[in-house]
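S.K.: can you look at this prediction? I've put the sequence above it.
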Number of protein chains: 2
Amino acid sequence: MPSRRSKLYPTPEDAETAFYEAFERADLAGMMAVWAASDDIVCIHPTGPRLQGFEAVRDSWVQIFSGGSQLRVRTVEVKKFEGQSVAVHSLVEVLTAPGQQGAGQSVLATNVYELGDTGWRMVVHHAAPMPEPSAPADEPPSPSHTLH
Amino acid sequence: MPSRRSKLYPTPEDAETAFYEAFERADLAGMMAVWAASDDIVCIHPTGPRLQGFEAVRDSWVQIFSGGSQLRVRTVEVKKFEGQSVAVHSLVEVLTAPGQQGAGQSVLATNVYELGDTGWRMVVHHAAPMPEPSAPADEPPSPSHTLH
């Protein structure tokens, strides 16, 4: 059986599809096959610290997958910035539990892929909870609120 | 006087320096000169929604700068993934108020730059609060905690 590491992702889209398939299946080997085997990779889970390097990133997925949850992930509103060797996808992950009705939880993600000798691999995954539309978090209080 | 828009950033580093200088000065024109004039740009302020397009991104900086705060920003732990036309910097922003002693507030940022006809411009800024080191946010409760 060929090693997972030998598997090529011919495009950033292929790597991204493999990333979310591994996430849905809680497939650690599949997940880590998507990442570049490098000390430079960066992973930020929602509200989490910045994890650096293959081992730290791997450990985080071990912990996440050990929770036993098997979420479905739909990616929407994908914006792509693609160069010859570096590609960035900004997107919204819509997460739902099996059998769950309704909208699901949404996560904002910035995914970065780099082209190496073995095809495209993920080098950055930066994820953050999407705030409720009714509660914009960045707007300072309107001056009128402090005057009335 | 030449238009701000004609100003070139020969490298992603030049664009990044201009971004943080404009941020420190609350300089709206300087800030928006760094961004690509495009409907595709994406800006996520800490805990905020995903803003898309030049006007929405500009509006957010108007609001932030209207607060009157003039923070100092130091960028540390910069990881770079640079291609010929797309570059990504993952870094930590250390924010301090003028005269403030001590560590300051830290923000995790993923900055993406794209090379266009007018040099390198920012196309994505994704920022998130850095959690306290003592409170890792992504670790599920240890099974032993639920058994004891």
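M.R.: Cool, got the structure.
S.K.: residue ranges for the strands of chain A, please.
M.R.: Assigned by DSSP state E, chain A shows strands spanning A:42-44, A:50-52, A:72-82, A:86-96, A:105-116, A:119-129.
S.K.: redo those strands as a markdown table? Include distance to chain B, mean neighbour count and mean pLDDT.
M.R.: For the C-beta atoms, the positions are set from N, CA and C on the backbone; glycine is no exception. As requested, those are arranged in a markdown table below (distance: least, Cβ to the nearest Cβ, whole Å; neighbours: other Cβ atoms under 10 Å in any protein chain shown; pLDDT from 0 to 100):
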| stretch | distance to chain B | mean neighbour count | mean pLDDT |
| --- | --- | --- | --- |
| strand A:42-44 | 5 | 25 | 98 |
| strand A:50-52 | 5 | 20 | 98 |
| strand A:72-82 | 5 | 15 | 97 |
| strand A:86-96 | 3 | 21 | 97 |
| strand A:105-116 | 5 | 22 | 97 |
| strand A:119-129 | 5 | 22 | 98 |
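S.K.: and for A:Asp59, the neighbour number?
M.R.: By other Cβ atoms under 10 Å in any protein chain shown, 13 other residues sit near A:Asp59.
S.K.: list the contacts for it?
M.R.: Neighbouring residues of A:Asp59 by Cβ atoms under 8 Å, 6 or more residues apart in numbering or on different chains: A:Leu51.
S.K.: can you check the one 10 residues further on too?
M.R.: Residues touching A:Ser69, when contacts are defined by Cβ under 8 Å, 6+ apart, comprise A:Ala26, A:Ala97.
S.K.: next one: the one 4 residues further on
M.R.: Taking Cβ under 8 Å, 6+ apart as the definition of contact, the neighbours of A:Val73 are A:Tyr20, A:Phe23, A:Glu24, A:Glu93, A:Val94, A:Leu95.
S.K.: repeat for A:Ala127
M.R.: Counting by Cβ under 8 Å, 6+ apart, A:Ala127 has contacts A:Ile44, A:His45, A:Pro46, A:Glu93, A:Val107, A:Leu108, A:Ala109, A:Thr110.
S.K.: who does the first one bridge with?
M.R.: According to DSSP bridges, A:Arg50, A:His126 are recorded as the beta-bridge partners of A:Ile44.
S.K.: what separation do you get for it and B:Gln70?
M.R.: 27 Å (Cβ to Cβ, to the nearest Å).
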